[in-house]
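>>> Everything below, folded, please.
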Amino acid sequence: MSGQIPQRFLDDLLARVDVVEVVGERVKLKKAGRNHSGLCPFHQEKSPSFTVSADKQFYHCFGCGAHGNALRFLMEYDKLRFPEAVEQLAGRLGLEVPREGADDPRAQARERKRKEGVNLLELSASYFRERLKMPEGDSARRYLADRGLSPEVQQTFGIGCAPAGWEGLKRHLSERGIAESVQIEYGLLVHHEDSGRTYDRFRDRVMFPIRDIRGRTIAFGGRVLGDAKPKYLNSPETPVFHKGRELYGLYEARQADSRLERVVIVEGYMDVVALAQFGIRNAVATLGTSTSEEHLSRLFRMVGEVVFCFDGDRAGRQAATRALETVLPQMIDGRQARFMFLPEGEDPDTLVRREGPEAFEDRITCASPLSEFLFDHAAEGRDLGTIEARERFASQVLAAIGKLPEGVLKSLLLGELSRRTGVDQSRFEALVVPADAPPSEEPPLVPEAEWRPEDEGHEARPAPNKGRQALGLMGRVLQLLVHEPRLVERLPEEADWYPEADPEARLCREVERLLRAGRYRSAQVLLAHFHGTPEGERLAALARRELLIPPGARAAELDGLVEHFQRHRLRSSRQEEVDALLSKQQRGERLSQEDRQRLMTLLADPTG
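Numbers count the residues shown, from 1 in each chain. As a prediction, this is how the structure comes out:
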């Protein structure tokens with residue numbers, strides 16, 4: 001399928017990367033004979049049981065059993081998805097990651113356009129940084145100095161300035177052969193329809209480059225220096241920038257601490273930069289929008305705790321309520337969310353300067369846990385001494401609990417609600433209905449435990465609800481197709497990725513065939529086709545299970561599953577080849593030089 005990373009590239013990449021070097025940048029290792037050892041980063045231990053082999057190019061912990069190659073280590077330690085880990089390893093070697101279908105003219109055109117856009121934005125970022133050093137950057141330099149930002153912090157965040165003129169960047173880019181239409185497409189120029197004139201979008205502003213997780217400039221934010229409106233101006237949506245997905249400062253936070261455990265979400269660029277100036281390097285900001293499911297899904301893949309930081313006024317409380325509604329479906333056991341409210345009239349920038357970094361860090365540590373904010377918010381303005389007020393209080397809390405995935409947190413909140421109201425917990429459990437429950441003809445969906453495609457060969461943990469069995473990997477594919485039939489378009493045209501030994505592969509093939517036929521574009525029609533059969537019962541059960549994966553991440557989840565099966569099939573074929581060569585040798589047959597070389601290669605392959 002177009003977009004897949006070729007296996008030959010993965011093989012070459014792992015052959016060229018040294019696992020000792022990759023691990024050694026994150027774990028303190030000591031030479032121990034031919035290997036290296038250290039404290040395992042995946043569990044708490046006092047004596048080293050973690051070994052990294054330069055010869056075999058893998059790591060192994062004799063304590064917790066963690067093991068794998070350099071790619072697997074990045075996925076586990078840096079909490080990266082498979083494609084992101086490949087990109088990071090490739091970046092160490094200065095390699096571009098190829099994709100299957102690269103010989104497709106349309107794919108080539110898309111890739112050229114993407115690179116053209118990224119190069120254009122990097123060129124623009126360089127232009128803004130250079131202008132900050134010139135006479136035309138005097139007012140911007142004074143502003144940054146007044147805000148107390150050191151040259152080091154300015155350099156870390158790549159801060160620059162846009163001159164006051166109307167066409168400075170436009171001329172700069174046009175002189176380098178970049179068409180105005182491309183500048184408009186990537187949000188650098190504005191086209192005035194009435195006059196037909198084009199001019200710079202950003203003028204007389206301090207410029208903050210917005211970077212993706214790899215550090216590439218994908219957009220800009222500008223803070224006005226004069227009295228123009230708006231005070232802050234962001235790039236519009238472009239082929240490489242989607243504000244509901246990106247977070248300002250995330251790249252810089254991860255650069256400051258590769259083992260990031262907590263992220264603080266603030267409102268603006270200056271809040272992030274000012275906190276960094278005072279040594280608080282784990283702040284990020286949304287880009288003119290509320291925190292989205294995609295923001296949180298992305299953050300929780302990297303950290304275990306998110307702290308929302310809000311103003312203490314009414315608007316801040318309203319924003320906190322929206323954040324609560326967004327984060328509830330993401331609260332799988334093990335994750336934490338906190339809510340921090342600043343004194344009225346303060347923002348993180350002013351408060352950290354007035355109180356100092358230690359006091360601000362104390363505020364973060366003492367921020368209200370999700371449970372505390374949930375109950376306080378529901379009780380606000382209500383006299384809980386009356387039955388009617390307690391009913392409305394309980395109903396509001398129950399509605400929120402219904403959005404949580406099944407797990408310990410949900411049970412504890414129901415228990416706390418029972419304690420506060422005097423109503424038996426079992427009665428509340430019977431009343432809880434997920435907020436997004438389907439119409440009455442379908443039973444409520446049952447949340448599943450989180451699973452990542454990179455957890456190769458492992459089934460998902462059993463959901464804690466009524467002993468339901470965990471889904472296998474092929475079951476996950478079926479579940480995604482039942483919930484979102486349109487995802488069938490992402491499956492490979494060739495069916496050779498299906499695992500022959502998996503009993504659900506046959507059903508998945510049939511579901512794929514029906515969906516591709518075009519007459520089964522809804523889950524209800526698909527279920528009706530199988531009604532009255534064991535297959536229909538299986539699909540109906542999958543339809544009743546809730547997907548914890550946010551809608552925007554489901555396509556990537558399916559891609560990851562298919563990619564896993566493709567890799568596993570390749571490994572299986574390699575193992576069959578190894579078994580055949582070893583069997584030949586055990587029968588006393590002499591292996592040719594070519595066979596011996598092939599056997600050595602297969603046995604040494606870290607991906608096998």
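>>> Find the residue ranges of the stretch 151-300 of the chain scoring beneath the pLDDT cut-off.
Nowhere does the stretch 151-300 of the chain drop to pLDDT under 70.
>>> What segments of it are helices?
Secondary structure of the stretch 151-300 of the chain (DSSP state H, counting those that start in this stretch): helices at 151-156, 168-174, 180-185, 250-256, 269-277, 293-300.
>>> Take those and write them to TSV, including mean neighbour count and distance to L515.
Every C-beta, even on glycine, is put in place using the N, C-alpha and C of the backbone. TSV is the format used below for these (neighbours: other CB atoms under 10 Å; distance: least, CB to CB, whole Å):
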stretch	mean neighbour count	distance to L515
helix 151-156	14	49
helix 168-174	19	45
helix 180-185	16	34
helix 250-256	19	36
helix 269-277	24	44
helix 293-300	20	25
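>>> of these, which approaches P236 most closely?
helix 180-185 (9.8 Å; CB to CB).
>>> With just CA atoms, put that closest one into PDB.
This file holds the C-alpha atoms of helix 180-185, laid out as PDB (Å, rounded to 0.1, in the frame of the first residue of the first chain):
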ATOM      1  CA  GLU A 180       3.500  34.100  -5.100                       C
ATOM      2  CA  SER A 181       0.900  31.400  -5.300                       C
ATOM      3  CA  VAL A 182       3.000  29.100  -3.200                       C
ATOM      4  CA  GLN A 183       3.600  31.800  -0.600                       C
ATOM      5  CA  ILE A 184      -0.200  32.300  -0.400                       C
ATOM      6  CA  GLU A 185      -0.800  28.600  -0.100                       C
END
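>>> in the stretch 51-200 of the chain, which spans are strands?
Taking DSSP state E, counting those that start in this stretch as the test, the strands found in the stretch 51-200 of the chain are 58-61, 67-68, 160-162, 189-191, 198-200.
>>> those strands in the stretch 201-350 of the chain, which residues are they?
205-211, 217-224, 232-234, 262-266, 283-285, 305-310, 336-341.
>>> re earlier: could you point out which of the strands of the stretch 51-200 of the chain sits nearest E589?
Nearest of these (CB to CB): strand 58-61, 30.7 Å.
>>> Go through the closest one and flag the buried ones.
Residues of strand 58-61 classed as buried: 58-61 (neighbour count, 16 or more other CB atoms under 10 Å).
>>> can you list the weak-confidence ranges in this structure?
Along the chain, the model assigns pLDDT under 70 to residues 1-3, 100-115, 433-470, 518-522, 546-548, 568-588, 591, 595-608.
>>> Give me the residue at the spatial middle of it.
R298 (2.4 Å; CA atoms, centre = their mean).
>>> list the contacts for that residue?
With contact taken as CB atoms under 8 Å, 6 or more residues apart in numbering, R298 is in contact with 245, 247.
>>> How about F530?
Contacts of F530 (CB under 8 Å, 6+ apart): 536, 539.
>>> And the contacts of stretch 324-336?
290-293, 296-297, 300, 304-306, 308, 337, 339, 369-370, 373-374, 377, 400, 403-405, 407-409, 449-450, 548, 550.
>>> Select only the buried ones of these in ChimeraX?
The ChimeraX command for the buried members of the contacts of stretch 324-336 (criterion: 16+ other CB under 10 Å) is given here:
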select :291,292,293,296,297,300,305,306,308,337,339,370,373,374,377,400,403,404,405,407,409,449,450,548,550
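>>> Please report the distance of the residue nearest to the centre of the chain from D271.
To D271, R298 is 19 Å away according to CB to CB, to the nearest Å.
>>> Let's have the helices of the stretch 151-300 of the chain in a markdown table, adding distance to E136.
Shown next, in a markdown table, are the helices of the stretch 151-300 of the chain (distance: least, CB to CB, whole Å):
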| stretch | distance to E136 |
| --- | --- |
| helix 151-156 | 17 |
| helix 168-174 | 8 |
| helix 180-185 | 20 |
| helix 250-256 | 26 |
| helix 269-277 | 21 |
| helix 293-300 | 35 |
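>>> Return the alpha-carbon coordinates of stretch 483-499 using CSV.
Extracted in CSV, the C-alpha atoms of stretch 483-499 (Å, rounded to 0.1, in the frame of the first residue of the first chain):
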residue,chain,number,x,y,z
HIS,A,483,-17.0,1.2,13.6
GLU,A,484,-15.7,3.1,10.6
PRO,A,485,-16.4,1.1,7.3
ARG,A,486,-14.7,3.9,5.3
LEU,A,487,-11.3,2.8,6.6
VAL,A,488,-11.4,-0.2,4.3
GLU,A,489,-9.9,2.2,1.6
ARG,A,490,-6.7,2.2,3.7
LEU,A,491,-6.2,-1.6,3.5
PRO,A,492,-3.7,-2.9,0.9
GLU,A,493,-5.2,-4.0,-2.4
GLU,A,494,-3.3,-7.3,-2.1
ALA,A,495,-4.5,-9.7,0.6
ASP,A,496,-1.2,-11.3,1.4
TRP,A,497,-0.8,-9.3,4.6
TYR,A,498,-3.5,-11.4,6.4
PRO,A,499,-2.1,-13.9,8.9
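>>> Report the buried residues of that stretch.
Going by 16+ other CB under 10 Å, stretch 483-499 has these buried residues: 483-485, 487-488, 490-492, 497-499.
>>> cool, stretch 313-329 as well?
Neighbour-count burial for stretch 313-329 [16+ other CB under 10 Å]: 316, 319-320, 323-324, 326-329.
>>> That stretch: how far from the chain's middle?
Here stretch 313-329 is found 21 Å from its chain centre; the criterion is CA atoms, centre = their mean, to the nearest Å.
>>> again with stretch 488-500
Centroid separation for stretch 488-500 versus its chain: 25 Å, with CA atoms, centre = their mean.
>>> Can you tell me what sits against it?
Around stretch 488-500, the neighbours that count as contacts under CB under 8 Å, 6+ apart are 1, 474, 481, 505, 508-509, 512, 515-516, 555, 558-559, 562, 565-566, 568-569.
>>> Of all the helices of the stretch 151-300 of the chain, which one is nearest T51?
Distance to T51, taken as CB to CB, is lowest for helix 250-256 among these, at 27.0 Å.
>>> counting contacts, what elements does that closest one pack onto?
Identification of packing neighbours for helix 250-256 by 3 or more CB pairs under 8 Å, 6 or more residues apart in numbering; DSSP states H and E yields helix 269-277, strand 283-285.
>>> out of those, nearest to V23?
strand 283-285 (27.1 Å).
>>> now what about the closest one, what contacts it?
By CB under 8 Å, 6+ apart, strand 283-285 touches 247-250, 253, 263-269, 271-272, 275-276, 299, 309, 348.
>>> ok so, going back, looking at the strands of the stretch 51-200 of the chain, which is buried most?
Of all those, strand 160-162 has the most neighbours on average by mean count of other CB atoms under 10 Å, namely a mean of 28.
>>> Determine the set of other helices and strands touching that one.
Using 3+ CB pairs under 8 Å, 6+ apart, the elements in contact with strand 160-162 are helix 105-133, helix 138-146, strand 205-211.
>>> possible to save the ones you listed as a markdown table with distance to P239 and mean neighbour count?
Output for the helices and strands packed on strand 160-162, formatted as a markdown table (distance: least, CB to CB, whole Å; neighbours: other CB atoms under 10 Å):
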| stretch | distance to P239 | mean neighbour count |
| --- | --- | --- |
| helix 105-133 | 6 | 16 |
| helix 138-146 | 29 | 15 |
| strand 205-211 | 14 | 26 |
